[in-house]
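Colleague: Sharing a model prediction with you, sequence too.
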Amino acid sequence: MSNKLLVVIGGPTGVGKTDMAIRLAQHYQTEIICADSRQVYTELNIGVGRPTASQLNAIPHHLIGHISIHQDYSVAHYTNEALHILDELFLHHDMVILTGGTGLYVKALMEGFDDIPEVEEGVTERWTALWKEQGIESLLKSLEELDPVYLDIVDKANPRRIIRALAVSESSGKPFSSFLKGEPIKRPFNILPIVLTLPREELYARIDQRVLHMISQGWEAEARSLYPFRHLKALDTVGYKELFDYFDGNCSLPEAISAIQQSTRRYAKRQMTWWRHQGSWHSFTPDDDLSIINAIDLELEARGKEQGARSKS
């Protein structure tokens, strides 16, 4: 598969990744693999920005809505499934598209993932309770004791990552950082990483409008149907949490919508920060189809020449 190409379309939520991926897939007559940790769930639709029925019918998509929120699912499950699908698709296509905003899934498929041990039952819940009671500084202080190496590199504003590191360190008896791999895995296919970007003000305006559109499409009813399962990890998700607060009587619907918009903007900001630290990604605006197609064509041409040279030798 050394001449096969995986084109990765990354970027923050609301930037236009799905539309771009579909236009590219139509142009190259290929298929799309999703890299979104919430779109994998059957029960989550409107609130996770899943492609519409017409979009799904236009181009074959993979790893969307294929498991239940009641099933365990991890980056290991995702990576193994995605690699198997790629093996099948590369039998018929020279190029396949991967798109999604879950950086962990994208990075795992591109470079491999860390084999993190399972956490004992109740450990994560105890650290989460500590965070809610005493704030993130208490977590950072504990992490300094259990894993000062990871403390130096973790996003100190991301409680979920800090809690995960603390839970793994406590359960395993070893620092979380000791399970992090060194060199990336070399995949048997080539990768062209593309990130879509917009000025922050424009992206935030699109996000605010997108949330309103999702509400108009019936997101509130979808969330109500999932309310009995709000304790599940899959539903610890931007948007659903705020709507659950509304259902609990803690805020009005307009307040919940405003909170969703704010949470989504913050999530997009974290995504943009993550992509800025990923190295040599090719950056384009979400309407610059021609430049992206040119970049893909150049990459395909280069791989074709390499394959031809190897065949002659």
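Modeller: It's in.
Colleague: Distance of the residue nearest the centre of the chain relative to Gly249?
Modeller: In the chain, the residue lying closest to the centroid (Cα atoms, centre = their mean) is Thr102, at 0.9 Å. Relative to Gly249, Thr102 is positioned 32 Å away (Cβ to Cβ, to the nearest Å). All C-beta spots, glycine's among them, are computed from the backbone N, C-alpha and C.
Colleague: Same question for Ala76.
Modeller: 39 Å.
Colleague: quick one: contacts of stretch 187-204?
Modeller: 1-12, 14-17, 20, 86, 90, 110-111, 206, 265, 268-269, 272, 275, 278, 280-286, 292, 295-296, 299, 303 (Cβ atoms under 8 Å, 6 or more residues apart in numbering).
Colleague: Then stretch 270-277?
Modeller: With Cβ under 8 Å, 6+ apart as the test, stretch 270-277 has contacts from 10-13, 101, 103, 155, 157-158, 195, 197, 200, 281.
Colleague: Make a markdown table out of those and add pLDDT.
Modeller: Shown next, in a markdown table, are those (pLDDT from 0 to 100):
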| residue | pLDDT |
| --- | --- |
| Gly10 | 96 |
| Gly11 | 95 |
| Pro12 | 96 |
| Thr13 | 95 |
| Gly101 | 91 |
| Gly103 | 89 |
| Asp155 | 82 |
| Ala157 | 81 |
| Asn158 | 85 |
| Val195 | 96 |
| Thr197 | 95 |
| Arg200 | 95 |
| Trp281 | 92 |
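Colleague: List buried residues within the residues you listed.
Modeller: Buried by 16 or more other Cβ atoms under 10 Å: 10-13, 101, 103, 195, 197, 281, out of the contacts of stretch 270-277.
Colleague: ok, back up a step: show only the entries of the contacts of stretch 187-204 found in strands.
Modeller: Taking DSSP state E as the definition of strands, the contacts of stretch 187-204 contribute 5-10, 282-284.
Colleague: Could you export the residues you listed as a markdown table, including distance to Ile162?
Modeller: Below are those laid out as a markdown table (distance: Cβ to Cβ, whole Å):
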| residue | distance to Ile162 |
| --- | --- |
| Leu5 | 37 |
| Leu6 | 32 |
| Val7 | 33 |
| Val8 | 27 |
| Ile9 | 29 |
| Gly10 | 24 |
| His282 | 32 |
| Ser283 | 29 |
| Phe284 | 33 |
